[in-house]
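Peer 1: Kindly return the folded structure for what I paste below:
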Amino acid sequence: MAGPEMDERGLEKLKQDAEDALRRDRQKLMFVKEHLTKSEALTQRMMNLLNTFSDRLSSLETTIRPLHLETLSLTRARDNVKKVNDMLSEVAEHYETSLNVQSVLSQSPAYQLDQYLKALGRVQRAIQFFQTSASNEEECNSLKKTLNTGHRALETEFEQVLERHSFALSVEELLEMTDDEIEKTSILSDDVVATLRQIVEYLVSANCTPDIERAYSKVRTACVAATLNEFAESQYSTVGGGAGGAAPQTVGKATTARSAVRRSSLRKKRPVSALRRMTMPDKDEKPRSSLDLNIIDKEIENLPGAYVKGSHPILNYTRVLYRLLQREAFLITQTLSSSLQKTTMRRLLTPVMDSFFSQCELLHASAGKKIERNIYFSTLFVFDIVDYLHSQGGKLCEILQKAEGSDFVPRLNDLVLNFIELARKILTRFEYEVFNDANKRLPPDGTVHELASNTLNFLSSVNEYADIVGNVLRPQEEMGSSYQGILWVEPDLSRPIFGTWILSVLKSLRSNLTKKAQSYDDPALTCLFLMNNFDHILRTVANSPCADVVKSKSPQFESEMEKLVEAQRMQYGQATWQRCAELLVVEEHGSTLSKKEKDAIKEKYSGFNDEFERIVRTQQGYTIPNKTLREGITRDNVEFLVKQYKAFDRTYRHSGFSVKNPQKYVRYTPDDVEAHLLTLFDAAHA
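Peer 2: This is a model prediction of the structure:
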């Protein structure tokens, strides 16, 4: 019973729920329908409005379009009129350019440089207009003349400004400046540099660079030449030559480039224009536009004393030149555009470097002639040149490479190689001449030969260039064919080569002296000569700066030379006293001398007297410079001869060998013999 009731209630509930849902859906549908009706009404109204707006737009377009077309036409006409007016104004301006710029261009650019450059710009634009339109050739040519005149005025102004503010630098200050100071210190003020740069930039844009290069190189070359000429004058006054007639001065330790320039007039800076007037030669005076190193070299050759390392004018000349080129390279980067720097540098350096290379070639030739004449001390400057160019040549090349299209670097390369070869020739030729010296003049007193003195003095001088000599004497294949590629070895490798050369020269010297000694007629003098010279070599080398080099290369050198000296000392004793020793031999005899024995003793006394007197008379004129050696030989002579003479005289003086006239034979006592021996090697008793 309960089941069916539950089913009916459930169905009714479901029916009720369905009716409620249907009612709600009808209400929603009515709401949607109502709003849809309103939307259709609004849409209809909007369509009506749009149709009305479209009609009005069509009406407006019909009204406005003719006016718009007319406005476009008028605007086009207005623009065309403006263009024609502008063109006519431009044409009129170009035709009036000559008149408008006349007031500015008639004055120097120095007054209003900015206005002057603007005026030239107007002329340039006018020329371009006439060239493009080909409308008035006469006016175009007139403007070209005006432009060219303006360019020439700018070039003149550039040259005058540069010349006005260019000064010949003091050599003293130049040598004392460091590389950093050279590159950081401007020759010209900032305002002058700005003015020059402004002119250059305009002329470069106008393609007028050749004249700028000419003007710049002319002024700065004159400035460089003025400094070098002042330096040349200081060298002439120091060495002692030249037009001024200054008294010659000895080139010595106190004479250096800096002390010379301190006494010169280089302290006063003068403009290039003033220096040009000052350096103009008189009518009768030979002009000297550059340092004549060949003349100075000859004057140095004639001065007394040995060459002092680093004193040759070419060294200070090169230092000054290098400093000047540093300054010029820095100034060019300041004042000229990059497109002009290399070509201008070439024009500036050409006369300066040509003169430098010419002077070096003259020095090279001069040194070659001195070698042929065996004047070696005057060629030591060659080693200074090799040393300086080796150490500073790279820096100089860096500057020379900035001169585009020049051959300066290859020429410098050849120059250094030539001087290296010349230095090698000096060394090898000197050794050859020492070995083959044919001078037959021998010192009559047996003293040190000039060949030995000169050779040892030269070796001592060359020792100052030991590292250079060691490198120069290396085999060519080890050095390389280009000086910039030369392998310059360290002192621990070069000094042994130098030591080998010294020992070779000393060996050649000993050989030549030994050969020369054979020309003496007196064997004793031959021994004294060799002993003196060998002893001089020994002492000189031991006390010279090259002693360490010789000792390290040949530790036995000193002992060998001592043996040679001692051998000649012993040979001298034998050669001198052998005959006397033979005459002083004591022979046994009875208590009563026979006539034959008496005659023999008389002959021995007479022979000894004659031989002894001859030796004393001869050897009093002989010389032993070494006091220790002289005293030693004198002592040997006394010990040897007096001892034998005492024994001989003690045996025969009272033997009765001569009854009537014994003083005829017995002329000397042992003390007399000793006294005479002490006078040997003393020119005062000769």
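
Peer 1: helix/strand/coil for Ala110?
Peer 2: coil (DSSP: H, G, I helix; E, B strand; the rest coil).

Peer 1: Can you report phi and psi for it?
Peer 2: phi -60, psi -30 (degrees, to the nearest 10).

Peer 1: Wait, it touches Thr156, no?
Peer 2: No. In this structure, Ala110 is not within contact of Thr156 by CB atoms under 8 Å, at 9.9 Å. For glycine as for every other residue, the C-beta is placed from the backbone atoms N, C-alpha and C.

Peer 1: Got phi/psi on Tyr668?
Peer 2: Backbone torsions for Tyr668, taken as degrees, to the nearest 10, come to phi -130, psi 140.

Peer 1: Oh, that last question was meant for Phe167, not what I typed.
Peer 2: For Phe167, the backbone dihedrals are phi -130, psi 150 (criterion: degrees, to the nearest 10).

Peer 1: try Asp445
Peer 2: Residue torsions, per degrees, to the nearest 10, at Asp445 are phi -100, psi 0.

Peer 1: Tell me the spacing between it and Asn454.
Peer 2: Remark: distance between Asp445 and Asn454 (CB to CB, to the nearest Å) = 18 Å.

Peer 1: next one: Glu163
Peer 2: For Glu163, the distance to Asn454 - CB to CB - is 54 Å.

Peer 1: got it, and Asp672?
Peer 2: 42 Å.

Peer 1: Following element in sequence after the host helix or strand of Ser511, please.
Peer 2: For Ser511, the element it lies in under DSSP states H and E is helix 491-517. With elements assigned by DSSP H and E, the helix or strand that comes after helix 491-517 is helix 523-543.

Peer 1: any idea of the mean pLDDT for that next one?
Peer 2: Mean pLDDT, helix 523-543: 94.

Peer 1: could I get it in PDB with only the CA atoms?
Peer 2: Taking C-alpha atoms only, helix 523-543 is exported to PDB below (Å, rounded to 0.1, in the frame of the first residue of the first chain):
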ATOM      1  CA  PRO A 523     173.600  39.700 -30.700                       C
ATOM      2  CA  ALA A 524     173.400  41.300 -27.200                       C
ATOM      3  CA  LEU A 525     171.400  44.200 -28.600                       C
ATOM      4  CA  THR A 526     169.100  41.700 -30.300                       C
ATOM      5  CA  CYS A 527     168.400  40.100 -26.900                       C
ATOM      6  CA  LEU A 528     168.000  43.400 -25.200                       C
ATOM      7  CA  PHE A 529     165.600  44.600 -27.900                       C
ATOM      8  CA  LEU A 530     163.400  41.500 -27.600                       C
ATOM      9  CA  MET A 531     163.600  41.500 -23.800                       C
ATOM     10  CA  ASN A 532     162.500  45.100 -23.600                       C
ATOM     11  CA  ASN A 533     159.700  44.700 -26.000                       C
ATOM     12  CA  PHE A 534     158.400  41.400 -24.500                       C
ATOM     13  CA  ASP A 535     158.600  43.000 -21.100                       C
ATOM     14  CA  HIS A 536     156.800  46.000 -22.300                       C
ATOM     15  CA  ILE A 537     154.000  43.800 -23.800                       C
ATOM     16  CA  LEU A 538     153.800  41.900 -20.500                       C
ATOM     17  CA  ARG A 539     153.600  44.900 -18.200                       C
ATOM     18  CA  THR A 540     151.300  46.900 -20.500                       C
ATOM     19  CA  VAL A 541     148.800  44.100 -21.000                       C
ATOM     20  CA  ALA A 542     148.900  43.300 -17.200                       C
ATOM     21  CA  ASN A 543     148.100  46.900 -16.400                       C
END
